[in-house]
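Q: dropping the sequence and predicted coords here.
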Amino acid sequence: MNDTPKAPVGARNSMLSLRYLILGFALSWLPMPGMALAVIPLVASFYYGVRFIQDLKKSGQNKAVAPNMIGLGLTALLIAMVVAPLVQYERTMDYQKCLWGANTNQAREACENQHDQHPGTVQRFFLD
């Protein structure tokens, strides 16, 4: 007799999705050029999350789909939060460099004022 328990449906895809999500979240805290690396594991996490939901639907476990859709939504939101500064790379890098050199609250406020006064191309597109 084989008494080995079977893994739950989609367990492999679920674990891969979770591992890539944790890695992507950790990489998203890196300073700007390194933060771009977070996109790779986050997209992989999204892919395996979709595969997990497909496995759940195939097995008829439709009640478990909704909570996992929320997880996919949060993963997509994290991807958007990582990609948004990359779209305005030059402006974001200037702001980061200014903040790295700011030693006082007054210098930090000057960086924030400078950042707010010069909108990037994305802001000009939406504001004009």
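A: Received it, and whenever you're ready, just let me know what you need.
Q: what about residue 63, distance to residue 10?
A: Residue 63 sits 14 Å away from residue 10, going by CB to CB, to the nearest Å. In this view, the C-beta of every residue, glycine as well, is placed from N, C-alpha and C.
Q: now residue 4
A: According to CB to CB, residue 4 stands 18 Å off from residue 10.
Q: these two: who's more crowded?
A: residue 10 (23 against 6; other CB atoms under 10 Å).
Q: how about that one, what does it touch?
A: Neighbour list for residue 10: 51, 52, 55, 56, 59 [criterion: CB atoms under 8 Å, 6 or more residues apart in numbering].
Q: strands of this structure, start to end?
A: All residues of the chain lie outside strands when identified by DSSP state E.
Q: and the residue nearest the centre of it?
A: In the chain, the residue lying closest to the centroid (CA atoms, centre = their mean) is residue 78, at 2.7 Å.
Q: just the helices in the chain please.
A: Along the chain, the segments classed as helices by DSSP state H run 11-27, 32-35, 39-59, 65-87, 89-101, 105-117, 121-127.
Q: and those, which one's lowest on average pLDDT?
A: In terms of average pLDDT, helix 121-127 trails the rest of these, at a mean of 58.
Q: okay, now the domains of this structure?
A: Following the assignment in automatic domain parsing, the chain carries domains at 8-87, 88-128.
Q: about what we covered before: my read: the residue nearest to the centre of the chain touches residue 25, true?
A: Yes - judged on CB atoms under 8 Å, residue 78 makes contact with residue 25 at a distance of 6.7 Å.
Q: check contacts around residue 9.
A: With CB under 8 Å, 6+ apart as the criterion, the residues that contact residue 9 are 55, 56, 58, 59, 61.
Q: let's see that with 10 Å instead.
A: 52, 55, 56, 57, 58, 59, 60, 61, 64 (CB atoms under 10 Å, 6 or more residues apart in numbering).
Q: all set now, cheers.
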